[in-house]
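Novice: using only what follows, build the 3D model:
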Amino acid sequence: MVVIVMGLPGSGKSYFAERLGGKINAVYISSDRVRKELFEKRTYSRAEKARVYKEMLQRMELAMAHKKSVVLDATFHDKETRDVFLEKTEKQAFLIEVQASEALIRRRLKKSRPYSEADFEVYELLRNQWSSVEQPHLILESTDDNIDDMLTKALDYLSNDTGTDP
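Specialist: Next up, the predicted model:
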């Protein structure tokens with residue numbers, strides 16, 4: 001099983017995705033962590049993003065080859081990137097989009113986070129570049145106190161759905 005968790009910076013996607021990975025005993029692959037491993041100084045340039053997603057794809061394929069479930073955690077804000085991952089999973093990935101109010105995102109992005117330097121300016125940039133998700137997917141609204149509800153909804157979705165193929 002491959003689960004693609006996407007959302008804008010500060011939405012709560014990483015907090016959710018890591019916990020979901022633990023619940024389903026999946027390999028957790030985070031763009032923020034991969035970026036930190038690959039680049040001492042992170043610029044979030046187009047070339048850097050491409051390298052991060054390429055590495056994530058390789059790690060996903062390795063896990064799949066070993067018959068392991070995977071939770072991918074990244075913005076996946078553009079359709080082209082999502083499509084590359086979906087093709088590699090033969091369109092059998094589950095898509096989960098994590099959203100949050102802009103006020104909550106603004107507050108979250110003011111705090112220091114161990115793996116991401118994305119700030120509100122990055123959020124606004126990616127929000128403006130966001131490609132709508134055409135495939136069937138679960139949308140979860142993140143608040144500061146609903147992680148258990150989000151995980152319950154996600155586990156229900158994963159057990160009752162067959163991925164992105166209709």
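
Novice: use CA for all of it now, contacts and neighbours both
Specialist: Will do.

Novice: please go through the protein and pick out the longest helix.
Specialist: Secondary structure of the chain per DSSP state H: the longest helix is helix 46-65.

Novice: what helices or strands is it leaning on?
Specialist: Secondary-structure packing of helix 46-65 (3 or more C-alpha pairs under 8 Å, 6 or more residues apart in numbering; DSSP states H and E): strand 27-30, helix 31-38, strand 70-73, helix 79-88.

Novice: so what strands line up beside the first one?
Specialist: Read that as strand 27-30. Sheet partners assigned to strand 27-30 using DSSP bridges are listed as strand 70-73 (parallel).

Novice: so how far is the partner strand from its chain's centroid?
Specialist: With C-alpha atoms, centre = their mean, to the nearest Å as the basis, strand 70-73 stands 7 Å off its chain's centre.

Novice: need the contact partners of that strand.
Specialist: Strand 70-73 is contacted by residues 1-6, 13-14, 17-18, 20-21, 26-31, 56, 60, 63-64 when judged by C-alpha atoms under 8 Å, 6 or more residues apart in numbering.

Novice: contacts for the worst-scoring helix or strand of the chain on mean pLDDT, please.
Specialist: Least confident helix or strand of the chain, by mean pLDDT, DSSP states H and E, is helix 120-129 with a mean of 89. Residues outside helix 120-129 that contact it (C-alpha under 8 Å, 6+ apart) are 8, 9, 10, 77, 78, 105, 106, 109, 110.
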